[in-house]
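Engineer: Need a 3D model of the following:
(chains A and B)
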There are 2 protein chains.
Amino acid sequence: MNEIREVIERKAALLETGDAKAILSYYTPTFVEYNLAPPLRQPGDARDPGKLEAWMATFEAPPRREVTQLEITVDGDVAFATSIDCLSAVPRGSTEGFRLWFRVTLGLRRVDGRWLVVHEHESVPFEMDGTFQASIGLEP
Amino acid sequence: MNEIREVIERKAALLETGDAKAILSYYTPTFVEYNLAPPLRQPGDARDPGKLEAWMATFEAPPRREVTQLEITVDGDVAFATSIDCLSAVPRGSTEGFRLWFRVTLGLRRVDGRWLVVHEHESVPFEMDGTFQASIGLEP
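Structural biologist: All right, here's what the predicted structure looks like:
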């Protein structure tokens, strides 16, 4: 359990360094990715450092990621983890930053003694008032 | 694995019957729920048949739920499952129905020999074009 917690915290802390390859070393070569952005499910080439680098380049500096309310359930070589995370970033060309709170579920497997992410689901809910706006202003 | 698949398919099929108690018998008394609707995380009383019944009552008939692309990962008494589901329903007072495709991650535990849902994460992504609209029109 502590090992899994470390993987999740380390992976989150690495984002700020901008080291896409180091971050993606915590993922299996292909993983089931339900991202904040469309489509419903990312195509199979999800572990592409270039894609992650391109996303980080849309900000003044690599975003900061905070993991809160982390809960881990594990048996044998399979685990899942839930958390409420916060992304802080300044969009490129902007003087103002933003903070976005979102929900995260990870599915993990122990492969050759190392815990790796095989599934990642990140989301915010949306307003049920007919506007269908993503609820990007929520706080835990 | 087959047992887990059955739980997930059965639970989905039960929705159409409107039997909230039967559906919720597949969940632990408290579970971590990340819903399509706010807040980020539902409060601990999630397994409340009254709440589910009230939601179903907002439609002309209980919605129909289809589970596709189901993938299950299991070891011992812990499992997680990913799928792309479709909800079909007619809002009360409306003549026109809708279909909504969304992503689902379930976390499960085997308790006294029965697989139960201890975590449910349902979501759609949102548009990154500055509108922050939930992507409710996507298809797999």
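Engineer: C-alpha only now, for contacts and for neighbours.
Structural biologist: OK.
Engineer: Can you verify A:Glu122 is assigned to a helix?
Structural biologist: No - read with DSSP: H, G, I helix; E, B strand; the rest coil, A:Glu122 is strand and lies in no helix.
Engineer: Can you name the residues that contact it?
Structural biologist: When contacts are counted by CA atoms under 8 Å, 6 or more residues apart in numbering or on different chains, A:Glu122 touches A:34-36, A:102-105.
Engineer: For it, give the beta-bridge partners.
Structural biologist: A:Val104 (DSSP bridges).
Engineer: same thing with A:Leu108?
Structural biologist: Here A:Leu108, judged by DSSP bridges, has bridge partners A:Ala79, A:Val117.
Engineer: Surely it touches A:Arg114?
Structural biologist: No - using CA atoms under 8 Å, A:Leu108 is not in contact with A:Arg114; the gap is 9.9 Å.
Engineer: Neighbour count: those two, which is higher?
Structural biologist: In this view A:Leu108 and A:Arg114 are compared by other CA atoms under 10 Å in any protein chain shown, and A:Leu108 has more residues nearby, 26 against 14.
Engineer: could I have stretch A:28-36 exported to PDB, CA atoms only?
Structural biologist: Coordinates of each C-alpha in stretch A:28-36 appear next as PDB, following Å, rounded to 0.1, in the frame of the first residue of the first chain:
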ATOM      1  CA  THR A  28       2.200   0.400 -18.900                       C
ATOM      2  CA  PRO A  29       3.100   0.900 -22.600                       C
ATOM      3  CA  THR A  30      -0.700   1.000 -23.400                       C
ATOM      4  CA  PHE A  31      -3.200   1.900 -20.800                       C
ATOM      5  CA  VAL A  32      -6.900   2.700 -20.700                       C
ATOM      6  CA  GLU A  33      -7.100   6.500 -20.500                       C
ATOM      7  CA  TYR A  34     -10.300   8.500 -19.800                       C
ATOM      8  CA  ASN A  35      -8.900  12.000 -19.900                       C
ATOM      9  CA  LEU A  36     -10.400  15.400 -18.900                       C
END
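Engineer: And it, how far out from the chain middle?
Structural biologist: Its chain's C-alpha centre and that of stretch A:28-36 lie 10 Å apart, by CA atoms, centre = their mean, to the nearest Å.
Engineer: which parts of that stretch are buried?
Structural biologist: Using 16 or more other CA atoms under 10 Å in any protein chain shown as the test for burial, stretch A:28-36 gives A:28, A:31-36.
Engineer: Show residues contacting it.
Structural biologist: Taking CA under 8 Å, 6+ apart as the rule, stretch A:28-36 contacts A:40-42, A:44-47, A:116-124, B:103, B:125-126.
Engineer: hmm, 6 Å instead?
Structural biologist: A:41-42, A:44, A:47, A:118-123, B:125 (CA atoms under 6 Å, 6 or more residues apart in numbering or on different chains).
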